[in-house]
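Novice: Take a look and give me a structure for this.
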Amino acid sequence: EPQPRNEVGMVKLKHLDLSHNNIVKLPAFLEQLSNIRSLKVDYNRIEELPSFIRSYTRLGFLSCSNNRLQFFCPEVGNMLSLRTLFARGNQIVTLNDGFAKLSTLRSLELSENQLRSIPEVILKLSELRTLKVNGNLIKKVQKSVVGLMGLHSLGVAANQLTELPNELGELAKLNELDAADNK
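Specialist: Numbers count the residues shown, from 1 in each chain. Below is the predicted model of the structure:
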């Protein structure tokens, strides 16, 4: 007769900070962190987040800045409670369609990556309040940014912009626009 599965390890852990190490890959035992609410893995050497993050359905805050990320796995879309994502200082070129499922995302920090445009999938995030894409390779802000009606803060500084779309004027809640130091 099978024994009932006991909770093992760190299942009650809600906040984990592994920043400022030389971590290349998140260890597999972290998959059991089903109650995790906040995860910080800044300033490591992580090249990709593991697919087991799909089990982090209660995660509200993820900071993975200053690593070596080039992309996010599609499973990122399963983090349905995610409200804040900081991924500054990586090598991200684009975002996958899984991001469209992040309907609770309010703050997205993608500065100092390799973005050539604001990924279209971001423009589907209706709850987004803060978007920072400073210091990328962006040449144009799409007119469709007007769809982010709840946007309070937009950072597009230090890119390769030569103009901003008139449609930005339709963002009634926008109270901070940083477009300094462009081309």
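Novice: Now do P119 against N44, distance only.
Specialist: Distance, P119 to N44, by Cβ to Cβ, to the nearest Å: 24 Å. Where C-beta positions appear, they are placed from N, C-alpha and C, glycine not excepted.
Novice: Apologies, that question was intended for A157.
Specialist: With Cβ to Cβ as the criterion, A157 and N44 are 26 Å apart.
Novice: Contacts only, for the residue nearest to the spatial centre of the chain.
Specialist: For the chain, L85 is the residue whose C-alpha lies nearest the centre (Cα atoms, centre = their mean; 3.6 Å). Residues in contact with L85, defined by Cβ atoms under 8 Å, 6 or more residues apart in numbering, are 62-63, 102, 105, 107-109.
Novice: This protein: strands as residue ranges?
Specialist: With strands called from DSSP state E, the chain shows them at 15-17, 38-40, 61-63, 84-86, 107-109, 130-132, 153-155, 176-178.
Novice: Show me what the first one is in contact with.
Specialist: So that's strand 15-17. Residues contacting strand 15-17 (Cβ under 8 Å, 6+ apart): 30, 33, 36-40.
Novice: Kindly report the same for the fifth one.
Specialist: Outside of strand 107-109, the residues within contact range by Cβ under 8 Å, 6+ apart are 65, 83-88, 122, 125, 128-132.
Novice: now do 10 Å
Specialist: 61, 63, 65, 82-89, 95, 99, 102, 122, 125, 127-134, 152-153, 155 (Cβ atoms under 10 Å, 6 or more residues apart in numbering).
Novice: From N134, how far out is the residue nearest to the centre of the chain?
Specialist: Taking Cβ to Cβ, one finds L85 at 15 Å from N134.
Novice: Next: T162.
Specialist: Counting by Cβ to Cβ, the gap from T162 to N134 is 16 Å.
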